[in-house]
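Colleague: sharing a sequence plus its predicted fold:
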Amino acid sequence: AVSPLGGVPGATAYHSSVLVDGDEFCFSSSGITTQRGPASHQMAGTSVRLLDMGTTAQSPADLHRVLGPHFEAGTYDLLRKNCNSFADSALMFLVARRLGAEYRMLERLGECSPALVSGISGGQYVPNPRAAEFDLESLCAELGARSLQRSTAGVTTGGVTVQSTEALR
């Protein structure tokens, strides 16, 4: 689910979350939270757009187990580690898909110029040192590899059996 929050012409800020069987999972300064329906979007007071991203065999417990260590309470950062980072990671874990780049445009611009964001926010934005080491692209790559392992586990993919590494050449 995505909701526009405002922004500048050509770069809208969005709030995003993931709904699984009607339960919403989102990330804030409190860590990963769960509620029924798109409640976090209702608090934003704007329209909510529900995007069907597919189905998953992963459980909510799996989602918390795998992503919880990456999205702990107190690690939220407006630019580097936010609700969109979580939704992007959760989608990769659940359905091996990414959140559309258009929903992360404003923070990508802000990542290039945090001083600009600090100035626009009247000095309210201060980078969270607990989010400094977070790397969304690395996490999504790791989750994508996990997804590939799950989807090919026990599946014969063809090939031949060899007795030595020399036979592979």
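Modeller: Right, received. Where do you want to start? Numbering: from 1, shown residues only.

Colleague: give me the number of residues near residue 108?
Modeller: When neighbours are counted by other CB atoms under 10 Å, residue 108 registers 12. All C-beta spots, glycine's among them, are computed from the backbone N, C-alpha and C.

Colleague: with the one 3 residues further on instead?
Modeller: Here the count is done by other CB under 10 Å, and residue 111 has 12 residues near it.

Colleague: that one sits in which helix or strand?
Modeller: Assigned by DSSP states H and E, residue 111 falls within helix 105-112.

Colleague: following element in sequence after that helix, please.
Modeller: Counting by DSSP H and E, what follows helix 105-112 is helix 114-120.

Colleague: now that next one - C-alpha only, PDB.
Modeller: Coordinates of the C-alpha atoms in helix 114-120 are reproduced here as PDB (Å, rounded to 0.1, in the frame of the first residue of the first chain):
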ATOM      1  CA  PRO A 114      21.300  15.400   3.100                       C
ATOM      2  CA  ALA A 115      22.300  19.000   3.800                       C
ATOM      3  CA  LEU A 116      19.500  20.200   1.400                       C
ATOM      4  CA  VAL A 117      17.000  18.000   3.300                       C
ATOM      5  CA  SER A 118      18.200  19.400   6.600                       C
ATOM      6  CA  GLY A 119      17.800  22.900   5.200                       C
ATOM      7  CA  ILE A 120      14.300  22.300   3.800                       C
END
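
Colleague: what packs against it?
Modeller: Using 3 or more CB pairs under 8 Å, 6 or more residues apart in numbering; DSSP states H and E as the contact test, no helix or strand touches helix 114-120.

Colleague: quick one: it to chain centroid distance?
Modeller: 23 Å (CA atoms, centre = their mean, to the nearest Å).

Colleague: what mean pLDDT would you report for it?
Modeller: Mean per-residue pLDDT for helix 114-120: 71.

Colleague: next SSE downstream of it?
Modeller: Where DSSP H and E defines the elements, the next helix or strand beyond helix 114-120 is helix 136-152.

Colleague: which strands and helices lie in contact with that following helix?
Modeller: For helix 136-152, the packing partners by 3+ CB pairs under 8 Å, 6+ apart are helix 83-95.

Colleague: circling back to that earlier point, now what about the helix holding residue 111, what contacts it?
Modeller: For helix 105-112, contacts defined as CB atoms under 8 Å, 6 or more residues apart in numbering pick out 7-8, 10-14, 78-80, 82, 84, 101, 116-117.
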